[in-house]
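Enquirer: structure for this input, please:
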Amino acid sequence: MRDVQLTHIGGPSTLIEVHGWRILTDPTFDAPGRRYSFGWGTGSRKQTGPTRTPDQVGPVDVVLLTHDHHADNLDTLGRRVLERTATVVTTRAGARRLRRSAGRAAGTPDSTPGGGVDGGIGSGVSSGVIGLAPGRSTVLHAPGRTPITVTATPCRHGPRFSRPLAGAVIGFSLAWESQRRGVLWITGDTVLHPALERTARRLHVDTVVLHAGAVRFGLTGPLRYSMDADEAVQLCELLQPRSIVPVHYEGWSHFTQGRDNLRRAFGRTPHLAARVRWLLPAHHGSSAPSQR
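Expert: Numbering: from 1, shown residues only. Next up is the predicted model:
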């Protein structure tokens, strides 16, 4: 995508700059060292810090939040970024939680109406939270900018029947008028599953921001909660995108596969390996190179 710049912040967090928009995915800005509970006895320790602080990133127009209830996708400083961001797009359950949290902070009842199709820039996180179910869309509007249609895509953050443990998660496809080669797709935290495969066959994708990492927890043994390297390759075989941008594979103790695993897996499929665009990992401590 010649009109898009991607900057990796760390983990899943990526700044997307397109046609004047500054869109941040899954903000995580805490320093390394802390252990976070994910519920049901699971947890993870953050091992590396972000490439940039929130102040270095600067203002963002929109946060695309695949889910709000795991700290590797939204940590303490990430929540502060939400407070100063006009529009947040997330799951329907996450939107309800964020509105309740904003209502408690303001000392007011949670009476904010739900977001939905054609939601635009709001006046704050409580009024600008848009909750989407898979398949539902919202259109981002701002004066002088190209409208962007954001459509939620399905995720399954674990094996079958794991939703009570893992909660609701979505991905996002981004479409705008000047696209010629397909949409920008952020997969979100997911394993490969039938609904995701159907989505991959349906979408015409230019660039995929691919959440990997083969997440596992000692409590649940071999069960995985995000794609491993082989599943990432399988998904891209279905998609045949022009560019593949792996994220969500470094910086946390619950990631069991990193860049080397992905390199080897994609290396067995040279036609896909040539399309992979590596952004700098968080532990390098500097901004990722632009991908255009």
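
Enquirer: CA only for contacts and neighbour counts going forward, please
Expert: Fine.

Enquirer: and residue 98, how many residues sit next to it?
Expert: Applying other C-alpha atoms under 10 Å, we find 22 residues neighbouring residue 98.

Enquirer: got it, and residue 61?
Expert: Around residue 61 there are 18 other residues, counting by other C-alpha under 10 Å.

Enquirer: distance of the nearest residue to it once chain neighbours are set aside from residue 169?
Expert: Distances taken as C-alpha to C-alpha, 6 or more residues apart in numbering put residue 22 closest to residue 61, at 5.4 Å, once the chain neighbours are dropped. Distance, residue 22 to residue 169, by C-alpha to C-alpha, to the nearest Å: 22 Å.

Enquirer: that older thread, quick check on the residue nearest to residue 61: phi, psi?
Expert: According to degrees, to the nearest 10, the main-chain angles of residue 22 amount to phi -120, psi 110.

Enquirer: higher neighbour count, residue 22 and residue 169?
Expert: It is residue 169, of residue 22 and residue 169, that has more neighbours when counted by other C-alpha under 10 Å, with 27 against 17.

Enquirer: so where's the stretch 151-292 of the chain shaky on pLDDT?
Expert: Residues of the stretch 151-292 of the chain that meet the criterion pLDDT under 70 lie in 280-292.

Enquirer: what is the end-to-end distance of stretch 192-206?
Expert: From the first residue to the last, stretch 192-206 extends over 20 Å; the measure is C-alpha to C-alpha.

Enquirer: for it, what is the distance to the chain centroid?
Expert: 16 Å (C-alpha atoms, centre = their mean, to the nearest Å).

Enquirer: and for stretch 212-220?
Expert: 18 Å.

Enquirer: show residues contacting it.
Expert: The contact list for stretch 212-220 (C-alpha atoms under 8 Å, 6 or more residues apart in numbering) reads 41-43, 189, 222-229, 232, 246-250, 254-258.

Enquirer: buried subset of those residues, written for PyMOL?
Expert: What follows is the PyMOL syntax selecting those of the contacts of stretch 212-220 that are buried according to 16 or more other C-alpha atoms under 10 Å:
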select buried, resi 43+189+224+225+226+227+228+229+232+246+247+248+249+250+254+255+256+257+258
